[in-house]
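Student: Pasted the sequence and its predicted model underneath.
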Amino acid sequence: MRLRPHNKAGEARARQSLRAGELANDAPRGATRSTAHFAFTLLEVVISVALMAIILASAYACFDAGIRGKRMVEPRVEIFQNARVAMALITADLRDACPLSKDFDFLGMHRTIGEMPADNLDFATHNYTPTKEREADFCETSYYLNQDSTNGTFTLFRRRNPIIAPDPLSGGSREEIATGLLGARFEYFDGIDWYDTWGDLKGKKQTSNKDQPNMSGMPEAVRITLWFDSDPQAKNVEGQTRTNPPMTFQTVARLMLAESSQQGGGSSSSSSSDQSGQGMPTGGVGQ
């Protein structure tokens, strides 16, 4: 009876020793399995590096394309804004145009600088708000181009003189309207045909406008064409022509007071005003 407790104690110690041996044997096996499960082969590493390189190259290409697109769009947005402002100012002044003086009703001179047209325009307009004493809504107005010697482009200026002066083609102050132009052209419509010039610098010396209707009076409409440099950030190398075509903007401005001025000028101009409805151009066009 006394041997049973002794045997039970021995059995318990034997079981404990067996468990400890099993744990000792299983520990290296578990560690080996864990290490083998999380390890990478050389092929897997090479494939991962290649995929990462492809992803980074694609991301850089997308980022570079976005930067180049932004650099291309920003100057063109500025060009559209400059063209919109210039067209709006010229059209507003021409819409309320009136005779410039007793010698010059309306002057439009055609000239070129290099290969591009750089026309001048001289007239008077009621599109003016008086700001000082002795001023009315009558204002002598001129539009012309000046060339920039650094990059070869032109700047569009507007001259305004709200005071009636002995010389209607000078005086007043000028303001910059738009920069980066490559040329400007003004064409004049008498109700039938388009002309490159209008008026005569020598004054009103002809008695009839049947043969030359563009020598006196005012045109019924003016077609405005402006050319802007499509890549203003490109360097201008002497002797090399520009590869990018210019951006062209065009619109037609109708002179609201042209018919009344022609009727007041006598019977010689009435024949042209009677045909004002023939061939009248439609609204402006912009490109």
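Tutor: Alright, I've got the coordinates.
Student: from here on, contacts and neighbour counts on C-alpha atoms
Tutor: OK.
Student: Which stretches in the protein count as helices?
Tutor: 3-38, 42-95, 258-264, 270-274 (DSSP state H).
Student: so who does the nearest residue to M247 once chain neighbours are set aside touch?
Tutor: Of all residues not flanking M247 in the chain, F228 sits nearest, at 5.1 Å (Cα to Cα, 6 or more residues apart in numbering). F228 makes contact with 79, 180-183, 246-248, according to Cα atoms under 8 Å, 6 or more residues apart in numbering.
Student: try it again with 10 Å
Tutor: 76, 79-80, 82-83, 153-154, 178-184, 245-249 (Cα atoms under 10 Å, 6 or more residues apart in numbering).
Student: circling back to that earlier point, the helices of the chain: lowest mean pLDDT?
Tutor: Among those, helix 270-274 carries the lowest mean pLDDT, a mean of 37.
Student: could you point out the longest strand in the chain?
Tutor: Longest strand in the chain, counting residues (DSSP state E): strand 173-189.
Student: Quick one: low-confidence residue ranges for the stretch 51-200 of the chain.
Tutor: By pLDDT under 70, the stretch 51-200 of the chain contains no weakly predicted segment.
Student: repeat that for 90
Tutor: Within the stretch 51-200 of the chain, the stretches with pLDDT under 90 are 60-79, 81, 100-105, 112-116, 129-137, 147-153, 163-172, 180, 191, 199-200.
Student: returning to what we had before: among the contacts of F228, which ones are buried?
Tutor: Neighbour counting over the contacts of F228 (16 or more other Cα atoms under 10 Å) leaves 76, 79, 82-83, 153-154, 178-184, 246-249 as the buried ones.
Student: Outline the domain layout of the chain.
Tutor: Following the assignment in automatic domain parsing, the chain carries domains at 3-39, 80-274.
Student: isn't M215 right next to L107, touching?
Tutor: Yes: using Cα atoms under 10 Å, M215 is in contact with L107, at 8.9 Å.
Student: so what's in contact with these two at the same time?
Tutor: Common neighbours of M215 and L107 (Cα under 10 Å, 6+ apart) are 197-201, 203.
Student: Neighbour count and distance to A88 added to these, as a markdown table?
Tutor: Putting the shared contacts of M215 and L107 into a markdown table (neighbours: other Cα atoms under 10 Å; distance: Cα to Cα, whole Å) gives the following:
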| residue | neighbour count | distance to A88 |
| --- | --- | --- |
| T197 | 19 | 22 |
| W198 | 27 | 22 |
| G199 | 22 | 24 |
| D200 | 19 | 27 |
| L201 | 13 | 27 |
| G203 | 15 | 30 |
